[in-house]
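Colleague: Predicted model and sequence below, questions to follow.
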Amino acid sequence: QVLLVESGGGLVQAGDSLRLSCAASGRTFSTYTMGWFRQNPGKEREFVGGIRGATIMYADSVKGRFTISRDNAKNTVYLQMNTLKPEDTAVYYCAAKGAFSIISTSPASYNVWGQGTQVTVSS
């Protein structure tokens, strides 16, 4: 069972950048499809983006501003967030799903979740 630990959240101003990291345990990390989600209190968990091999997918709300990458040697996936907006404020989660499975925008498709990291963007 893979374990995920996010880091890198914080309080920034609008227009700033942040990079979130998601470190994973497990020897088969490179085969997992990984997703990033975010959630605010009282709202549903929202898909931000996902990566499967060389395929990367983004939500329209972050396309052109956020970039997902992974370093399989370090068992880590990253979410680079640029030009942050107040509406990007949320708890951000990374998640993993089955080996080589398609990227899904549905949280229910992911088996393993990190604990989340808070990102707050002030105006």
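Modeller: Nice, I can see it. Numbers count the residues shown, from 1 in each chain.
Colleague: which residues sit in contact with the most centrally placed residue in the chain?
Modeller: In the chain, the C-alpha nearest the mean C-alpha coordinate belongs to Trp36, at 2.4 Å (C-alpha atoms, centre = their mean). By C-beta atoms under 8 Å, 6 or more residues apart in numbering, Trp36 lies in contact with 20, 22, 47-50, 68, 77, 79, 92-95. Every residue, glycine included, has its C-beta placed from N, CA and C.
Colleague: From Ser123, how far off is it?
Modeller: According to C-beta to C-beta, to the nearest Å, Trp36 stands 23 Å off from Ser123.
Colleague: Next: Gly49.
Modeller: When distance is defined by C-beta to C-beta, Gly49 is 24 Å away from Ser123.
Colleague: out of those two, which sits in the busier spot?
Modeller: Gly49 (20 against 9; other C-beta atoms under 10 Å).
Colleague: What score does the closest residue in space to that one that isn't next to it in sequence have for pLDDT?
Modeller: Leaving out its chain neighbours, the residue that sits closest to Gly49 by C-beta to C-beta, 6 or more residues apart in numbering is Tyr58, at 4.3 Å. Tyr58 carries a pLDDT value of 98.
Colleague: quick one, phi psi at Tyr58?
Modeller: Per-residue torsions, Tyr58: phi -130, psi 150 (degrees, to the nearest 10).
Colleague: Can you report how many residues lie near the residue nearest to Gln80 when sequence neighbours are not counted?
Modeller: Spatially, and ignoring its direct neighbours in sequence, Gln80 is nearest to Thr67 (4.3 Å; C-beta to C-beta, 6+ apart). Applying other C-beta under 10 Å, we find 15 residues neighbouring Thr67.
Colleague: who touches Thr67 in this structure?
Modeller: 78-80, 82.
Colleague: Backbone dihedrals for it, please?
Modeller: According to degrees, to the nearest 10, Thr67 has phi -140, psi 130.
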